[in-house]
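[1] Just need the structure, nothing else, for what follows:
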Amino acid sequence: MNIRLANIADIPQIMRLINEVVPVMNAAGNYQWDGHYPNPGVFEADIAKNQLWLAEEDGSIAGIIAITTDQSPEYVEAGWDISEITIVVHRLAVSIHHQGKGIAAKLMQQAELVAQQQNLSKVRVDTNVVNAATNKLFPKLGYVYAGEIPLAGKVAMRFNCYEKVLI
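    Have a look, this model is predicted:
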């Protein structure tokens, strides 16, 4: 498996991954993503900022992750100081054809590597409370639960916040 920064030419394949993942998420009661988000414009912006990473396996995109420093204002409700610069994970997804292979864990390790390269000591992530896979994955990777918050634009949804302090 190869992990690399995404480029504009990757967007059609990224959108195929999103289009296969969203119905599975929705079927599990997770409506965090839909037919409008995430969209090509979101990924184009990530790529322009060099913050969208891909995991490639067998010539296809197996997973994606946005590794940013963009913190939601609601993170203060988890007790986090959002004036502190940290790595924040957004838009983590693994193709339904590649799930169960540890790809999400490897993408999270990439986020930790980026943090270390930028001399940052923390990685933060939020996930829908009904996303069983990520709510299991993050603690397994050493992320500590920080609280449950709402997010703007996500009416009637709650999100669990996790943080890992890097040594």
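
[2] can you give me the helices in this protein?
    Under the criterion DSSP state H, the chain contains helices at 11-27, 40-48, 103-117, 132-140.

[3] Which other helices and strands does the second one contact?
    It stands for helix 40-48. For helix 40-48, the helices and strands in contact under the criterion 3 or more Cβ pairs under 8 Å, 6 or more residues apart in numbering; DSSP states H and E are helix 11-27, strand 87-94. All C-beta atoms are positioned from the backbone trio N, CA, C, and that covers glycine.

[4] which parts of it are buried?
    Within helix 40-48, the residues scored as buried using 16 or more other Cβ atoms under 10 Å are 42-43, 46-47.

[5] same thing with the third one?
    Within helix 103-117, the residues scored as buried using 16+ other Cβ under 10 Å are 103-104, 106-108, 110-112, 114-115.

[6] likewise stretch 59-70?
    Going by neighbour count (16+ other Cβ under 10 Å), the buried part of stretch 59-70 is 61-69.

[7] what would the residues you listed look like in CSV with distance to Gln32 and pLDDT?
    Output for these, formatted as CSV (distance: Cβ to Cβ, whole Å; pLDDT from 0 to 100):
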residue, distance to Gln32, pLDDT
Ile61, 20, 98
Ala62, 20, 98
Gly63, 17, 98
Ile64, 15, 98
Ile65, 15, 98
Ala66, 14, 98
Ile67, 18, 98
Thr68, 17, 98
Thr69, 21, 98
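
[8] Would you mind giving these as JSON lines with distance to Ala55 added?
    JSON lines is the format used below for the buried residues of stretch 59-70 (distance: Cβ to Cβ, whole Å):
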{"residue": "Ile61", "distance to Ala55": "7"}
{"residue": "Ala62", "distance to Ala55": "5"}
{"residue": "Gly63", "distance to Ala55": "4"}
{"residue": "Ile64", "distance to Ala55": "8"}
{"residue": "Ile65", "distance to Ala55": "8"}
{"residue": "Ala66", "distance to Ala55": "13"}
{"residue": "Ile67", "distance to Ala55": "12"}
{"residue": "Thr68", "distance to Ala55": "17"}
{"residue": "Thr69", "distance to Ala55": "21"}
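
[9] okay, among those, which ones form the most distant pair?
    Ala62 and Thr69 (25.1 Å; Cβ to Cβ).

[10] Nearest to Pro150, out of the helices of the chain?
    Among those, helix 132-140 comes nearest to Pro150, with 16.7 Å by Cβ to Cβ.

[11] Name the nearest residue to Val94, sequence neighbours excluded.
    With sequence-adjacent residues excluded and distances taken as Cβ to Cβ, 6 or more residues apart in numbering, Val94 is closest to Gly63, at 4.1 Å.
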